[in-house]
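Enquirer: no FASTA, just this:
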Ligand SMILES: Nc1ncnc2c1ncn2[C@@H]1O[C@H](COP(=O)(O)OP(=O)(O)O)[C@@H](O)[C@H]1O
Ligand SMILES: [Mg+2]
């Protein structure tokens, strides 16, 4: 186990200088590196729901998967602070098997997460069986988790394909919480749902958080959803956390030019920002990022200076509940 310094007892999940790089090619083909997570320091407090926002390809899913031990770390650490006896995961170590069920993830697509030809009972009992629960324990966990997500017990003999989209996502959630996780990554869990269902499922996550105290990383590319579910948020762009703080501070007074651009996409929560964000080809930006040690937003930023290209600014505290990684501040 690697040595770490001080671990805040109020923090359940922390990353330190975390890097997750994907390498393609090599030998004959030119080597290409994607910096999916690039030097990320994040702290999630016990009992907190923290929102992680950013457009597609920012590294949100990779960060979530790495926190729960599903993705190999390139360098840096993930610290899961489990009841005062922290588990430290780095490039050389894995989450111990008996800890795995405490760290759960729910994905966006309720249709591909569970085999539709399975009975609801089997879908729920399988992970519990695998985790080593007795039959009696299984039964009470299945009933408790169904009740928690608002599904009736009489759907247990039904096939998964007989459920509606909303019911399937509730089943997905029941499956994850039946294992008594302490930390949960919810990855775009309302993205595929109809607008009318989104609010309901967000409320369900808040309810679960209130009743069980499970800490959550709630990933979404939809800012209004982040505002509904969390009190604090992180903004991620191409592997970097560019802004962090209370939802109110970040949405009312966005500082990073990328956050401003993201907020402009939502007229209802958008403050007046007149910056013109350069539109450039995604491939071009990716290619540029590989070469650069600087800010990944450089190529789209209306305020970019020479310095931004060569050196990524660190997150800087601008108020007690607001941090930004930009030389403008
Ligand atoms: N298993 C993988 N192999 C290679 N590249 C990957 C893999 N997973 C993710 N990536 C790349 O890492 C970057 C971040 O992806 P992802 O974490 O899925 O972002 P997000 O969830 O924000 O859309 C993307 O460029 C993606 O193509
Ligand atoms: Mg994703």
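Expert: It's in. Just so we're clear, the structure is a prediction, and the values are computed from it rather than from any experiment. Ligands and ions are numbered 1, 2, ... in the order given.
Enquirer: tell me the mean pLDDT for stretch 254-272?
Expert: The pLDDT scores in stretch 254-272 average 82.
Enquirer: for stretch 134-144, same thing?
Expert: Here the average pLDDT along stretch 134-144 is 95.
Enquirer: which outside residues touch it?
Expert: Residues outside stretch 134-144 that contact it (CB atoms under 8 Å, 6 or more residues apart in numbering) are 121, 124, 125, 128, 129, 133, 153, 156, 174, 178, 180. Any C-beta I mention is one placed from the backbone N, CA and C, and that applies to glycine too.
Enquirer: which one of those has the most neighbours?
Expert: residue 178 (26 neighbours; other CB atoms under 10 Å).
Enquirer: name the helices or strands packed onto the lengthiest helix in the chain?
Expert: As assigned by DSSP state H, the longest helix anywhere in the chain is helix 195-212. Under the contact criterion of 3 or more CB pairs under 8 Å, 6 or more residues apart in numbering; DSSP states H and E, helix 195-212 touches strand 49-53, helix 135-148, helix 165-177, strand 215-219, helix 223-229.
Enquirer: could I get the ones you listed as a markdown table with distance to residue 79?
Expert: A markdown table is the format used below for the helices and strands packed on helix 195-212 (distance: least, CB to CB, whole Å):
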| stretch | distance to residue 79 |
| --- | --- |
| strand 49-53 | 15 |
| helix 135-148 | 28 |
| helix 165-177 | 22 |
| strand 215-219 | 13 |
| helix 223-229 | 24 |
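Enquirer: quick one: which of those is nearest residue 293?
Expert: Among those, the nearest to residue 293 by CB to CB is strand 49-53 (23.6 Å).
Enquirer: quick one, that closest one and helix 195-212 angle?
Expert: With axes from the mean of the first three to the mean of the last three CA atoms, to 10 degrees as the basis, strand 49-53 and helix 195-212 are set at 140 degrees to each other.
Enquirer: What pairs with strand 49-53, parallel or antiparallel?
Expert: strand 215-219 (parallel), strand 232-237 (parallel) (DSSP bridges).
Enquirer: need those strands in TSV with mean neighbour count and distance to residue 199, can you?
Expert: Formatted as TSV, the strands paired with strand 49-53 follow (neighbours: other CB atoms under 10 Å; distance: least, CB to CB, whole Å):
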stretch	mean neighbour count	distance to residue 199
strand 215-219	26	14
strand 232-237	25	18
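Enquirer: just to revisit the earlier point, out of the contacts of stretch 134-144, flag the one nearest to residue 41.
Expert: Proximity of those to residue 41 (CB to CB) peaks at residue 180, which lies at 28.2 Å.
Enquirer: can you pull the contacts of the closest one?
Expert: With CB under 8 Å, 6+ apart, residue 180 has these contacts: 101, 102, 141.
Enquirer: Burial check on the closest residue to the second one other than its chain neighbours, number of neighbours?
Expert: Yep, that's residue 102 we're talking about. Nearest non-adjacent residue to residue 102, counting by CB to CB, 6 or more residues apart in numbering: residue 182, 4.6 Å away. Here the number of neighbours of residue 182 (other CB under 10 Å) works out to 20.
Enquirer: what about residue 182, distance to residue 68?
Expert: 11 Å (CB to CB, to the nearest Å).
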